[in-house]
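Trainee: Sequence and predicted structure, then a few things I'm wondering about:
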Amino acid sequence: MSLRSQILCQIVTFGSVNIDIVVRSEKLAAPGETIHADRADVGLGGKGGNQAAAVAKLGHRSVLAGQTGEDAFAVMARQKLETFGVDCTLLTSDPQVGTGLALIAVDARGENSITVIGGSNMTLSVDQLPKFEAALTSADALLLQLEIPIDVVEAAARLVHARGAIVVVDPAPVPHDGLPQALYELATVMTPNETETEKLVGIRPHDQDSAAEAAQIFHARGLKNIIIKLGARGVFWSTGSENGFVPPFRVTAIDSVAAGDSFNGGLATALAEGLSLGDAVRFAAACGALATTRNGAAEAAPTREEVDALLTAQP
């Protein structure tokens, strides 16, 4: 399962690009509370940027389609992405609206609280899709998240689905009115965590049984495959006809920022290489676990060698 496909896959991520401003403190501030932080870091973020970087670090061709502003943050983001090996030729810019920002607070246990300013990510429109169509229709897998307009997400999913390629949807952040029905039908697989699952189907999964109950609702909405991330409790997956559970890897977590993005990058990589859903989930879970062992967002994504080593050490 840990062997790399002999064929170089092209995985396209269509999504947000942010600059993260991360503040680290002993605890997260309560509403109305002022606390002192230990330090602040500035780096690449956005679910799109993070997932594209995660794919690139796993060794396949990673193409990012998205939008920044035309400011200093945009220059920083592009330089970081290219350092990770991400193809940024489809990263456009909006001269009127600034690059997206994320303000992230992280406590001593690695828990986090995130506020996102969408900026130029949210000025992407369906009218721009022809710029990205060639890359989308040649992709082996497409990674989507919801930090860009939902109609753009749906249109991109429709293009790739029509070709029969893999469409991975990370339903975060969940829109207040839920997801369009079409997205359940267009996705090859969807990857909500506990909070997102509760918002989407009304069940907060805490174990395999409650996750299985939630999965049936997803399937009833037309979703073929569902992966429910239970944080430190592991990962549940279901195809409708079969399901499985991947227990958590034994690692020392210090920062959970973007662990889900590393998971999704690993999942798209494994599925593009032809792994079964169960094996792909285990590979993805190893990617997510390793990302919690270091600080940062895109910077925390593991290399292929690190993932293979963990899978071998904890079979």
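Mentor: Nice, thanks for sending it over.
Trainee: By average pLDDT, which secondary structure element in the protein comes out worst?
Mentor: Least confident helix or strand, the chain: strand 112-117 with a mean of 85, by mean pLDDT, DSSP states H and E.
Trainee: right, and the helix or strand after that one?
Mentor: helix 129-137 (DSSP states H and E).
Trainee: contact partners of that following helix?
Mentor: Residues outside helix 129-137 that contact it (C-beta atoms under 8 Å, 6 or more residues apart in numbering): 10, 12, 14, 63, 65, 90, 92, 142, 152, 155-156, 159-160, 163. For the C-beta atoms, the positions are set from N, CA and C on the backbone; glycine is no exception.
Trainee: Now the buried members of the residues you listed.
Mentor: 10, 12, 14, 63, 65, 90, 142, 152, 155-156, 159-160 (16 or more other C-beta atoms under 10 Å).
Trainee: Show only the entries of the residues you listed found in helices.
Mentor: In helices, defined here by DSSP state H, the members of the buried ones among the contacts of helix 129-137 are 152, 155-156, 159-160.
Trainee: so how many other residues sit close to the residue nearest to Val235 when sequence neighbours are not counted?
Mentor: Counting by C-beta to C-beta, 6 or more residues apart in numbering, Val235 lies nearest to Val246, which is 4.5 Å off, once chain neighbours are set aside. Residues near Val246, counting by other C-beta atoms under 10 Å, number 20.
Trainee: beta partners of Val12?
Mentor: Val63, Leu142 (DSSP bridges).
Trainee: Now do the strands in the protein.
Mentor: 10-14, 18-24, 39-45, 61-68, 87-93, 100-106, 112-117, 141-144, 166-169, 189-190, 225-229, 235-238, 243-246 (DSSP state E).
Trainee: for these, which one sits closest to Thr252?
Mentor: strand 100-106 (15.3 Å; C-beta to C-beta).
Trainee: Would you mind getting the angle between the closest one and strand 61-68?
Mentor: Interaxial angle of strand 100-106 relative to strand 61-68 (axes from the mean of the first three to the mean of the last three C-alpha atoms, to 10 degrees): 100 degrees.
Trainee: in its sheet, what does strand 100-106 sit against?
Mentor: strand 18-24 (parallel), strand 112-117 (antiparallel).
Trainee: Contacts for the last one next, please.
Mentor: It refers to strand 112-117. 16, 18, 28, 100-106, 147, 173, 255-257.
Trainee: list the buried ones in that strand?
Mentor: 112, 114, 116.
Trainee: Any chance of those residues in CSV with distance to Leu81 as columns?
Mentor: Shown next, in CSV, are the buried residues of strand 112-117 (distance: C-beta to C-beta, whole Å):
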residue, distance to Leu81
Asn112, 22
Ile114, 20
Val116, 18
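Trainee: For Gln79, state which of the residues you listed is nearest.
Mentor: Of the buried residues of strand 112-117, the one sitting nearest to Gln79 (C-beta to C-beta) turns out to be Val116, at 21.2 Å.
Trainee: Which strand residues bridge the residue lying closest to Thr191 once chain neighbours are set aside?
Mentor: Counting by C-beta to C-beta, 6+ apart, Thr191 lies nearest to Ile227, which is 4.7 Å off, once chain neighbours are set aside. Using DSSP bridges, the bridge partners assigned to Ile227 are Trp237.
Trainee: Counting neighbours, what do you get for Ile227?
Mentor: Neighbour number of Ile227 under other C-beta under 10 Å is 27.
Trainee: For it, which residues are in contact?
Mentor: By C-beta under 8 Å, 6+ apart, the neighbours of Ile227 are 189-192, 235-237, 267, 277, 281, 284.
Trainee: ok, now with 6 Å
Mentor: Residues in contact with Ile227 (C-beta atoms under 6 Å, 6 or more residues apart in numbering) are 191, 237, 281.
Trainee: List only those of those flagged as buried.
Mentor: Here, 16+ other C-beta under 10 Å leaves 191, 237, 281 buried among the contacts of Ile227.
Trainee: for the first one, what are its contacts?
Mentor: Under the criterion of C-beta under 6 Å, 6+ apart, the neighbours of Thr191 are 170, 227, 264.
Trainee: now these as a markdown table including pLDDT and distance to Thr83?
Mentor: Shown next, in a markdown table, are those (pLDDT from 0 to 100; distance: C-beta to C-beta, whole Å):
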| residue | pLDDT | distance to Thr83 |
| --- | --- | --- |
| Asp170 | 98 | 23 |
| Ile227 | 98 | 29 |
| Asn264 | 98 | 21 |
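Trainee: Flag the shaky bits of this protein, pLDDT-wise.
Mentor: Across the chain, the ranges flagged by pLDDT under 70 are 1-7.
Trainee: And the buried ones among the contacts of Ile227, which is closest to Ala291?
Mentor: Closest to Ala291, out of all of the buried ones among the contacts of Ile227 and judged by C-beta to C-beta, is Thr191, at 14.4 Å.
Trainee: ok so, going back, can you redo the strands paired with strand 100-106 as a markdown table with distance to Lys47?
Mentor: Converted to a markdown table, these look like this (distance: least, C-beta to C-beta, whole Å):
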| stretch | distance to Lys47 |
| --- | --- |
| strand 18-24 | 8 |
| strand 112-117 | 9 |
